[in-house]
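Participant: let's see this in three dimensions:
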Amino acid sequence: MNPPIEDPLRRRFVLVSVAMGIFLATIDSSIVNVSLPTMVDQLKTTFSLVQWVVLGYLLTVTTLLSVSYTHLRAHETVLDLVCRLLLEKTKYNTL
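Facilitator: Numbering: from 1, shown residues only. Here you go, the predicted model:
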């Protein structure tokens, strides 16, 4: 288990990051749900079929978020993860 965060600036950064993530997830699902009638009209399908597609999308996003959270918990910081990814990309000249 990670030790508690002592730095006040880092605590604020974590709080803002979590708040932004929750806000964006809420906005994302709201936009998708508001667009359901338009998708039914444009795709010429039933409402229940479009709901299943949206449910699959939201389940996929939720699963990917939990997997990425687990991956980030294994690293010390987000900056550490970004640096490692950049080093791997430049190592193989794929950047």
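
Participant: could you use CA atoms for every contact and neighbour count after this?
Facilitator: Fine.

Participant: pLDDT below threshold where in the protein?
Facilitator: Along the chain, the parts satisfying pLDDT under 70 run over 1-5, 66-85, 87-95.

Participant: show me where it has helices.
Facilitator: 8-34, 36-43, 47-73, 78-91 (DSSP state H).

Participant: let's have the ones you listed in JSON lines, adding mean neighbour count.
Facilitator: Converted to JSON lines, the helices of the chain look like this (neighbours: other CA atoms under 10 Å):
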{"stretch": "helix 8-34", "mean neighbour count": "12"}
{"stretch": "helix 36-43", "mean neighbour count": "13"}
{"stretch": "helix 47-73", "mean neighbour count": "13"}
{"stretch": "helix 78-91", "mean neighbour count": "12"}
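
Participant: residues contacting Q51?
Facilitator: The neighbours of Q51, taking CA atoms under 8 Å, 6 or more residues apart in numbering as the test, are L36.

Participant: quick one, what contacts the residue lying closest to M39 once chain neighbours are set aside?
Facilitator: Spatial nearest neighbour of M39, excluding adjacent residues (CA to CA, 6 or more residues apart in numbering): V50 at 7.3 Å. Neighbouring residues of V50 by CA under 8 Å, 6+ apart: L36, M39, V40.

Participant: any idea how far V50 is from T63?
Facilitator: Counting by CA to CA, to the nearest Å, the gap from V50 to T63 is 20 Å.
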